[in-house]
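**Student:** give me a 3D structure for the following:
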Amino acid sequence: MADELVDILNHKGELTGEVQLKSKAHESGLWHASAQVWICTPEGKILLQKRTLNKDTYPGLWDISVAGHLSVGDTKVSAALREIKEEIGLDLKEEDLIFLKTIKRQKKPNSTTIDNEFNHLFLVKYPIELSVLSLQQSEVAAVRLIDIESFKKELIQYKNTFVPHGDAYYSYIISEIQKRT
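**Tutor:** Predicted coordinates:
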C-alpha cells in the first residue's frame, strides 16, 4: 500500500508544521489525525467494512464503515469525504456528515506500530445499497449491513473478528446511531 504524507500534531492536537510519511509517524509514535465515518441506513443498519489481508494493522477484521488518515493540508471533513469516495465509491457532500466528536487515542496494534491519533468521528445517515458500492480493492475486502442488536451481539460473541476499538468506543457509536435513527 502507498505511504502518504501526514501533518504532525502536538499532544493537544495542534499542527506543529512538521510533515512526515504516515509510516514514519507510526514508527515513531508521532501524533496525527484520522477521519472515521460510521454510515447507517435511515432504519439503523450499520455498514461495516472488512479490512483486506494486506493491511499492516488488523488485517481481515471487520471495522468502521470508512476510515483514513488526514493527508497533508486536509481538514477532517475533506478527509472524510475523500475516504468515502475512495473506499466505497460514494460521492457525498459535507451536509451529509454529522460530526460527533474528536477523541485522542494511543494504540500499539503490532510490534512496529505506535498509533497516536486524534480520531475525528462522523456519522452519515444514508439509504445505502450494497450493490451500488465500488470497493477499493487494496483496502476493503467486503462490506455488509448489520442491525444494531446483531452488531451488539457480534461484538461480544465474535469479538476477535472486529478491530479492537474498545468497549467504550463501540458503546458510544451505538448510542449515537440509536439516538439518530
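**Student:** just want the phi and psi numbers for the closest residue to residue 80 other than its chain neighbours.
**Tutor:** Nearest residue to residue 80, sequence neighbours excluded (C-beta to C-beta, 6 or more residues apart in numbering): residue 35, at 4.0 Å. Every residue, glycine included, has its C-beta placed from N, CA and C. Phi and psi for residue 35, reported as degrees, to the nearest 10, are phi -110, psi 130.
**Student:** go ahead and confirm residue 35 touches residue 117.
**Tutor:** No - the criterion here is C-beta atoms under 8 Å, and residue 35 misses it with residue 117 at 10.4 Å.
**Student:** the more surrounded of those two?
**Tutor:** Ranked by neighbour count (other C-beta atoms under 10 Å), residue 35 and residue 117 place residue 35 first, with 27 against 24.
**Student:** report the separation between the more buried one and residue 124.
**Tutor:** 11 Å (C-beta to C-beta, to the nearest Å).
**Student:** so who does the closest residue to residue 136 other than its chain neighbours touch?
**Tutor:** Distance criterion C-beta to C-beta, 6+ apart; nearest residue to residue 136, sequence neighbours excluded, is residue 87 at 4.8 Å. Listed by C-beta atoms under 8 Å, 6 or more residues apart in numbering, the contact set of residue 87 reads 49, 66, 68, 135-136, 139-140.
**Student:** phi, psi of the spatially most central residue of the chain?
**Tutor:** Geometric centre of the chain, nearest residue: residue 67, 2.7 Å, by C-alpha atoms, centre = their mean. Main-chain dihedrals, residue 67, degrees, to the nearest 10: phi -160, psi 150.
**Student:** shift numbering so it begins at 53
**Tutor:** Got it, first residue is 53 now, which makes that one residue 119.
**Student:** did I read that right, residue 224 in a strand?
**Tutor:** No - the assignment for residue 224 by DSSP: H, G, I helix; E, B strand; the rest coil gives helix, which leaves it out of any strand.
**Student:** so how far is residue 65 from it?
**Tutor:** Residue 224 sits 18 Å away from residue 65, going by C-beta to C-beta.
**Student:** ok, residue 155 next?
**Tutor:** 10 Å.
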